[in-house]
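Visitor: Just the structure for this:
(one chain, ligands or ions: 1)
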Amino acid sequence: MSLKDQIIPSRLPNHIAVIMDGNGRWAKLKGLFRTAGHEKGANAVKEVVEGCGDLGIKFVTLYAFSTENWNRPKMEVKTLMNLLVSSLKKEINTLQKNKIRLHAIGNIESLPSKVYKELQEVMEKTKENDKMMLTLALSYGSREEITNIIKEISAKVKNNIISIENIDETVINEHLYTRNLPDVDLLIRTSGEQRISNFLLWQIAYAELYFTEVLWPDFNKEHLFEAIINYQNRERRFGKTSDQLN
Ligand code: FPP
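Guide: Numbering: from 1, shown residues only. Below is the predicted model:
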């Protein structure tokens, strides 16, 4: 039986988030520049989005550029930004054909204007698509997101728009960049690193974490299916006991 056939359709994760790691090491192993790793990484993005689309996964969120990534060498940042623009231009028709809505989270105003403009254009063109919401985390940092929320809510308290007693998890959810997205069910990180790196700290509270040694540019549909099968073999208890679930 193929890996895909082993997946139980009624128990798919609704929201998969991915920390795409290992582009640089992939390139180094092959004696190539790091940028070649990012280029191959963009192909892996396509592969995984297709795989998720085939299965009917509704929400996919990719960590494409963190707030910390601005500290990389200027040339590498430039390559990543160019790659984003060229991928968006190249894939707009595929997004439309497959009814995928593009969405972005993070401090996107801080992106170079050509990236920002292209992103806005693709988001606008795909806004009616309803098969999948593909979210790119760009210039994203979870601590920054949470810090901004605290400022926003504090200002609302100060201006009597909300009272302290009414601040609850729903209010916080409504202020997150991810306010249109459900909680993450499955978080995948490639390349053998086992950390979260400031990605969706609030949103992964009950996510299943899946770490694989595969470097991101090598990650393909079969690897995705393996991660989903692994997820489906876990018992998600959300703080309850096994008996309570049965
Ligand atoms: C991590 O590998 C990867 C990134 C910082 C960028 C991710 C970008 C892409 C996959 C390409 C384009 C994306 C889209 C959405 C088209 P790393 O460079 O940290 O690898 P290393 O840890 O081996 O150095």
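Visitor: Would you mind naming what in this structure lies close to the ligand?
Guide: Residues of the chain lying near the ligand by CB under 6 Å from any ligand atom: 20-25, 38, 41-42, 45, 62, 64, 69, 80, 83-84, 87, 136, 216. Quick note: C-beta positions are derived from backbone N, CA and C, even for glycine.
Visitor: Tell me how many other residues crowd the residue in the chain that the ligand sits nearest to.
Guide: Going by CB to the nearest ligand atom, the ligand is nearest to Gly24 of the chain, at 2.4 Å. Gly24 has 21 neighbours, counted by other CB atoms under 10 Å.
Visitor: wait, Asp21 sits on Arg195?
Guide: No: Asp21 is not in contact with Arg195 according to CB atoms under 8 Å; the separation is 9.5 Å.
Visitor: Overlap of the contact sets of these two?
Guide: Contact criterion CB atoms under 8 Å, 6 or more residues apart in numbering; residues shared by Asp21 and Arg195: Arg189.
Visitor: which residue packs closest to Ile162, ignoring adjacent ones?
Guide: Among residues not flanking Ile162 along the chain, Lys156 sits closest, at 4.5 Å (CB to CB, 6 or more residues apart in numbering).
Visitor: thinking again about what came up before, can you read off the pLDDT for the residue of the chain closest to the ligand?
Guide: For Gly24, the model assigns a pLDDT of 97.
Visitor: Surely it and Lys40 touch.
Guide: No: using CB under 8 Å, Gly24 makes no contact with Lys40, being 11.3 Å away.
Visitor: for Arg189, phi and psi?
Guide: phi -130, psi 130 (degrees, to the nearest 10).
Visitor: just checking, it touches Glu208?
Guide: No: under the criterion of CB under 8 Å, Arg189 is not in contact with Glu208, lying 12.0 Å apart.
Visitor: residues in contact with the longest helix along the chain?
Guide: Longest helix in the chain, counting residues (DSSP state H): helix 74-97. With CB under 8 Å, 6+ apart as the test, helix 74-97 has contacts from 34-35, 38-39, 42, 45-46, 64-65, 69-70, 72, 100-102, 111-112, 114-115, 118-119, 122, 125-126, 129, 134, 136, 138.
Visitor: contacting residues around Cys52?
Guide: Listed by CB under 8 Å, 6+ apart, the contact set of Cys52 reads Ile16, Val60, Met132, Leu224.
Visitor: Now, those residues that are in strands?
Guide: Under the assignment DSSP state E, the contacts of Cys52 contribute Ile16, Val60, Met132 to strands.
Visitor: Could you list every helix and strand that the worst-scoring helix or strand of the chain on mean pLDDT packs against?
Guide: One helix or strand of the chain scores below all others by mean pLDDT, DSSP states H and E: helix 242-245, with a mean of 84. Applying 3 or more CB pairs under 8 Å, 6 or more residues apart in numbering; DSSP states H and E, we find helix 242-245 packed against no helix or strand.
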